[in-house]
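Peer 1: How does the following fold in three dimensions:
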Amino acid sequence: MRKKQLFFILSIVVCTLCITACQKNISDNTSSTPVAVPISDSIPVSTDNTPVISSIFPSSAHGGDTITVKGKNLSAAISQVQITINNIAATVLSVTADSIRAIVPLNSGSGKVVVNINGNAYQGPEFNY
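Peer 2: Okay, the predicted model is just below:
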């Protein structure tokens, strides 16, 4: 019985030491006054809104099939977007900030997909006809 009591007391002492050893040391020099951080020292935030084309699905299709161009910062206005496949214009069906749906032009053949947004061309991956 005495061994159990000794083991119990020893366990409590070890646990107490572990808990108190894990406490964070707080310096007396701490202040509750907010500190201003200059903008130049802060983490930079990207404000780059350049359109990026990441993928085309499916990557292989035929004339009349619908493809989806995936990316980011794509225009949300269908009137601002044109797509060409192998330098042949595709019909744009819908546009969001991260995808464009279009119809593959007949006899376009394989080639690069280029998305024009407000007159600026952004080249996508290779498309297989």
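Peer 1: Run me through the strand neighbours of the helix or strand hosting Tyr122, direction for each.
Peer 2: Here Tyr122 sits within strand 120-127, counting by DSSP states H and E. Partners of strand 120-127 in the sheet, by DSSP bridges, are strand 111-117 (antiparallel).
Peer 1: buried stuff in the partner strand?
Peer 2: For strand 111-117, burial by neighbour count (16 or more other CB atoms under 10 Å) applies to Val113, Val114, Val115, Ile117. Backbone N, C-alpha and C define where each C-beta goes, glycine included.
Peer 1: Once you drop chain neighbours, what's closest to the second one?
Peer 2: With sequence-adjacent residues excluded and distances taken as CB to CB, 6 or more residues apart in numbering, Val114 is closest to Thr84, at 4.9 Å.
Peer 1: Mind pulling the model confidence for that neighbour?
Peer 2: For Thr84, the pLDDT comes out at 96.
Peer 1: Begin at 38 from now on, thanks
Peer 2: Noted, 38 is the first residue going forward, which turns the last one into Thr121.
Peer 1: which stretches of this protein form helices?
Peer 2: 39-58 (DSSP state H).
Peer 1: Please name the residues that touch the residue nearest to Ala139 when sequence neighbours are not counted.
Peer 2: Nearest in space to Ala139, with sequence neighbours left out and distances taken as CB to CB, 6+ apart, is Ala127 at 4.2 Å. When contacts are counted by CB atoms under 8 Å, 6 or more residues apart in numbering, Ala127 touches Ile104, Ile120, Thr121, Ala139, Ile140, Val141, Pro142, Ser145.
Peer 1: Show me what Ala127 bridges to in the sheet.
Peer 2: Beta bridges link Ala127 to Ile120, judged by DSSP bridges.
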